[in-house]
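Q: The amino acid sequence is not available; the structure is as follows:
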């Protein structure tokens, strides 16, 4: 799918359908974005900072103070701009309930996040609320002047991570760092493993259960068939899909999950 954009001084003007900032940046898939105005967010991906705004509720977006090179090399991929979400929503809308869900929150896109950032962020997220998750991740980034790699965290211990105020999650972070650096968890290999095998491999990290593993797979490895199950999605399955998801979700169950998750919370 071609990306329609142009430079405008120090900004990039992007025309993009099937994209809404609230739906995408404030839906719990990433924790480093803050709403700064009605139609604007500021956030980061690894060490790349960005302010993005929507022009008067239209499909025109402004990426502030970024170069064309950075847009092409970082943000076009991060916002999954080459994927035709209109086509995906048409496919999912073969199902009546999914059609309603796609219409309700049609601006959701899956962010293509860094695999380590997503995995460690969702380890921090468990049994936690979004403001507190953002606080912990903010302190981590402040300490390292950006999101740290596993290598940068190699000397961290539960005690040294006390500044995060992350509670029991600190020991899970330390274990994740250890397993990634030892090669027991090969992040690049996770991308190509069969989904069940990839999930089971991530679940060898202390404290990583099926939901955290599936969140990491969907948001950090772009495994679009991963299907994170929280209390809301379990309610979706019980009420609407007791016999399993429809065939139209094959291969994109994770994207379907995002639409369904937001729709059922609105009812």
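A: In hand now; what should we look at? Computed from a predicted structure; not experimentally measured. Numbering: from 1, shown residues only.
Q: Strands of this protein, residue ranges please.
A: Ranges of strands within the chain are 4-8, 11-15, 34-37, 40-45, 48-54, 60-64, based on DSSP state E.
Q: Format the ones you listed as CSV; extra columns: mean pLDDT, distance to residue 198 and mean neighbour count.
A: Backbone N, C-alpha and C define where each C-beta goes, glycine included. Listed next are the strands of the chain as CSV, based on pLDDT from 0 to 100; distance: least, Cβ to Cβ, whole Å; neighbours: other Cβ atoms under 10 Å:
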stretch, mean pLDDT, distance to residue 198, mean neighbour count
strand 4-8, 97, 33, 13
strand 11-15, 97, 32, 19
strand 34-37, 96, 31, 12
strand 40-45, 97, 22, 18
strand 48-54, 97, 26, 19
strand 60-64, 97, 32, 18
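Q: hang on, residue 151 packs against residue 181?
A: Yes: Residue 151 lies in contact with residue 181 (Cβ atoms under 8 Å); the separation is 6.6 Å.
Q: Neighbour count: these two, which is higher?
A: residue 181 (14 against 10; other Cβ atoms under 10 Å).
Q: Isn't residue 230 up against residue 209?
A: No: in this structure, residue 230 is not within contact of residue 209 by Cβ under 8 Å, at 11.1 Å.
Q: Number of residues surrounding residue 72?
A: Using other Cβ under 10 Å as the criterion, the residues surrounding residue 72 number 13.
Q: Same question for stretch 142-152: list its buried residues.
A: By 16 or more other Cβ atoms under 10 Å, the buried positions in stretch 142-152 come out as 147-150.
Q: Which pair of those residues spans the longest distance?
A: Across the buried residues of stretch 142-152, the longest distance by Cβ to Cβ is 10.8 Å; it joins 147 and 150.
Q: rewinding a little: what do residue 230 and residue 209 both touch?
A: Listed contacts common to residue 230 and residue 209 are nil; contacts here mean Cβ atoms under 8 Å, 6 or more residues apart in numbering.
Q: can you give me the helices for the stretch 151-267 of the chain?
A: If DSSP state H, counting those that start in this stretch is used as the criterion, the helices of the stretch 151-267 of the chain fall at 169-182, 187-190, 195-202, 210-220, 231-240, 253-266.
Q: Of the strands of the chain, which is nearest residue 81?
A: It's strand 11-15; of those, that one is closest to residue 81 (Cβ to Cβ) at 7.6 Å.
Q: mind listing what that closest one pairs with, with the direction of each?
A: strand 4-8 (antiparallel), strand 60-64 (antiparallel) (DSSP bridges).
Q: Now distance to residue 18 too, for the ones you listed, in CSV please.
A: CSV is the format used below for the strands paired with strand 11-15 (distance: least, Cβ to Cβ, whole Å):
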stretch, distance to residue 18
strand 4-8, 13
strand 60-64, 12
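Q: So for residue 165, which of those sits nearest?
A: Residue 165 lies closest to strand 60-64 among the strands paired with strand 11-15, at 31.8 Å (Cβ to Cβ).
Q: got the angle for that closest one vs strand 48-54?
A: Inter-element angle recorded for strand 60-64 and strand 48-54: 150 degrees (by axes from the mean of the first three to the mean of the last three Cα atoms, to 10 degrees).
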